[in-house]
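A.B. asks: Give me a 3D structure for the following:
(one chain, ligands or ions: 3)
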Amino acid sequence: MTVRTQKSEDSMSTSTVAPHRGAPTGHHPEGRTGAGLFDPGQVLKSLPDAFRKLDPRVMVTSPVMFVVLVGSVLTTVFSFTDPGDWFGWTISAWLWLTVIFANLAEAVAEGRGKAQADTLRKARTGTVARRLGGDGGPEERVPGTRLRIGDLVVCETGDVIPGDGDVVEGVASVDESAITGESAPVIRESGGDRSAVTGGTKVLSDRIVVRITTKPGETFIDRMIGLVEGAARQKTPNEIALNILLASLTVAFLLAVATLPPFADYAGSALSMVVLVALLVCLIPTTIGALLSAIGIAGMDRLVQRNVLAMSGRAVEAAGDVSTLLLDKTGTITLGNRQASEFVPVRGTTEAEVADAAQLSSLADETPEGRSVVVLAKERYGLRERHQGELVGARWTEFSAQTRMSGVDLDGRSIRKGAAGAVIAWVEERGGQVTEDAATVADRISEAGGTPLLVAVEDTDGARVLGVIHLKDVVKHGIRERFQELRRMGIRTVMITGDNPLTAKAIAEEAGVDDFLAEATPEDKMALIKREQAGGKLVAMTGDGTNDAPALAQADVGVAMNTGTSAAKEAGNMVDLDSDPTKLIDIVEIGKQLLITRGALTTFSVANDVAKYFAIIPALFAAVHPGLDKLNIMGLFSPDSAILSAVIFNALVIIALVPLALRGVRYRPGSADTLLRRNLAVYGLGGLIAPFVGIKIIDMLVSLIPGIG
Ligand SMILES: Nc1ncnc2c1ncn2[C@@H]1O[C@H](COP(=O)(O)OP(=O)(O)OP(=O)(O)O)[C@@H](O)[C@H]1O
Ligand SMILES: [K+]
Ligand SMILES: [Mg+2]
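C.D. replies: Residues are numbered from 1 along each chain as shown. Ligands and ions are numbered 1, 2, ... in the order given. Prediction:
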């Protein structure tokens, strides 16, 4: 394992810089713009849900709003005992509105994903699978919903893939626009890191055999639907902590309000139950209590708009604090279809000899690399593609990320191809000598960013290297500029690859990452993450391969490329449908925005309640205790009008802040300190002042109503 640190100031070529594409792919036509709430259609559609959410079993998950619900019921019941009490009825009505507004905020947030869920459902329904019978039995047509894990299905040009799975045979171009919105076809092939296919996508050409890996009803599209509808959402630890804090505040105010009647009695006035409930509702943090869940849903929704599916809200929050991003090279930073481009012989052999040995060793190699070797040998040297069956007695060694080699033993001859280090060790173990030019050729290929695969043989003449296969790969477009953006956000990027240090260095320089780690095994990748985490840092990892899966699972934020294997997608807690490793920029921004929005609205809510306290209490007691009149600086019309105005203000504030909760507080890169200070100033001060202004205006309007005393 080799570690290098690269100065980011290194002479950087600017040739690879390209403008990154616009962030949202904009393929979700409905509900994708604006704050949502101002779309009257959406509000209307969400209204039934807002009422449905009045179910106490649902309400109880938000302790603050549950108290308001209980209060609404109490004041309503109380009003029946005195039907002529205009004040009691009005307060009750506004308390109910407060609860409805809170539910509406959540319903509108959820509603934005519903339209998309409907589109996804269409992709899922009515697929027919062509299942292969066991033991070469005939093909049969079954509904997609009857597939079981392990079933083999055939998909040809024009077929919709009936379920999630891995390609076990063949290569095909697939239209994944049903889930990604991206119309450009993608290649899916057996063996490598691009083997996973998603049910509901469509084969555009060729034929593949897919082994089904998920049960019907639990497929990727099913999970996506659950996700965009918010059904799969669970409270994050942060949200739970905040809810506990809000609940404690609520209990504290409950006790405070409960002590008021004796005081009032003493002062010679009686506070009605309606007034006490109204007062309590004004003082508990209803604003954040009402909007908390909408903020979380909106954050997930913003991710979906950027084509990222987050399986856990906790990961979204963690993304807001990430300090290191680890990326795998092949398939993440590069396009990942490493193709053999030339055979280079070493002294004493010929190109044709290398091609022959390389092809022979690759006949059973189902990786894209292996297949490309077979194809190149055939195209360039006319070498006939021999079938595995023809080679009786051949023993195949499959490629693994640990051994970094693959090959065959046949007729007393062993052929191996693989990473330089691994093959050289193999030759030396067998008493062979490695000529110097083998290493020179390998280094030349590596320095150009290619991957060299040494081809070696052991026969009656002993063990020796025959030559080198040059595998070419291309760095994804426009990546460099985006990595600079990550650097500006204070995030260190580290590329980890199973490839050799020279290739790693060349690609790292081209892509512009801060550090790299070469010749890393899956265990090394995971160990690196653990080391970073031990220092208390939050680590993100993006990868696509099965060899990335342990690392993706270990990372706080594990983003799997949609082009990757199902193992990678299963292990991570997010999937990027665009397979863009720099998507983490958006993910981090959304994570930060989520944390900031929640913080800002909590600050506003608590400041608001404190201000309300000082606005209403003097007005309440001024009548019975003229001394308090001096404190009634707001000059509210009457105690009744003061309390009613406060309740109305309290309800309207929720509605006023829904757009902000859904859109999120704007995030600008900056230190956490500056951000905190600015938010305290804006939302703390704003929260203190708003009630005085708002309640005064409402009080003036209320006082115009005849009969208020
Ligand atoms: N089919 C193959 N047969 C023999 N050797 C291979 C084959 N595929 C890859 N190799 C060698 O094994 C090395 C390690 O491969 P591995 O898949 O672990 O990492 P990688 O794909 O190169 O990098 P990354 O971890 O960035 O995806 C490769 O760099 C290459 O030298
Ligand atoms: K309140
Ligand atoms: Mg890989």
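
A.B. asks: Sketch out the low-pLDDT regions of the protein for me.
C.D. replies: Applying pLDDT under 70 to the chain flags residues 1-38, 124-125, 136, 231-232, 266-270, 388, 622-633, 669-672, 706-709.

A.B. asks: residue in it nearest to ligand 3?
C.D. replies: Nearest residue of the chain to ligand 3: Gly545, at 3.5 Å (C-beta to the ion). Where C-beta positions appear, they are placed from N, C-alpha and C, glycine not excepted.

A.B. asks: which non-adjacent residue is nearest Thr460?
C.D. replies: Nearest residue to Thr460 in three dimensions, chain neighbours excluded: Gly412, at 7.2 Å (C-beta to C-beta, 6 or more residues apart in numbering).

A.B. asks: What of Val171?
C.D. replies: Glu189 (4.0 Å).

A.B. asks: what's the neighbour count on that neighbour?
C.D. replies: 21 (other C-beta atoms under 10 Å).

A.B. asks: now Leu74
C.D. replies: Residues near Leu74, counting by other C-beta under 10 Å: 16.

A.B. asks: now the strands: where do they sit in the stretch 201-350 of the chain?
C.D. replies: Taking DSSP state E, counting those that start in this stretch, the strands of the stretch 201-350 of the chain run over residues 202-205, 207-212, 308-310, 322-328, 339-345.

A.B. asks: sorry, back to before: next up, the contacts around the residue of the chain closest to ligand 3.
C.D. replies: 193, 328, 330-331, 401, 564-565, 568 (C-beta atoms under 8 Å, 6 or more residues apart in numbering).

A.B. asks: Cross-check these against ligand 3 and keep the overlap.
C.D. replies: Restricting these to those within reach of ligand 3 (C-beta under 5 Å from the ion) leaves Thr330.

A.B. asks: Give me the buried entries from the contacts of Gly545.
C.D. replies: Neighbour-count burial (16 or more other C-beta atoms under 10 Å) applied to the contacts of Gly545 gives 193, 328, 330-331, 564-565, 568.

A.B. asks: Adding distance to Ala439 as columns, could you present those in JSON lines?
C.D. replies: Shown next, in JSON lines, are the buried ones among the contacts of Gly545 (distance: C-beta to C-beta, whole Å):
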{"residue": "Asp193", "distance to Ala439": "28"}
{"residue": "Asp328", "distance to Ala439": "26"}
{"residue": "Thr330", "distance to Ala439": "22"}
{"residue": "Gly331", "distance to Ala439": "27"}
{"residue": "Gly564", "distance to Ala439": "32"}
{"residue": "Thr565", "distance to Ala439": "32"}
{"residue": "Ala568", "distance to Ala439": "33"}
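
A.B. asks: Any idea how many residues pack against the residue nearest to Thr460?
C.D. replies: Residues within reach of Gly412, counting by other C-beta under 10 Å, total 8.

A.B. asks: hang on, it packs against Val457?
C.D. replies: No: counting by C-beta atoms under 8 Å, Val457 is not a contact partner of Gly412; they are 11.1 Å apart.

A.B. asks: re the thing from before, for Ala278, which of the strands of the stretch 201-350 of the chain is the nearest?
C.D. replies: Among the strands of the stretch 201-350 of the chain, the nearest to Ala278 by C-beta to C-beta is strand 308-310 (39.7 Å).

A.B. asks: quick one: contacts of the closest one?
C.D. replies: Residues from elsewhere that reach strand 308-310, judged by C-beta under 8 Å, 6+ apart: 223-224, 227, 300, 303, 316, 559, 573-577, 583, 586-587.

A.B. asks: Would you mind naming what in this protein lies close to ligand 2?
C.D. replies: By the rule C-beta under 5 Å from the ion, the part of the chain lying against ligand 2 is 286, 609, 650.

A.B. asks: Great, nothing more from me.
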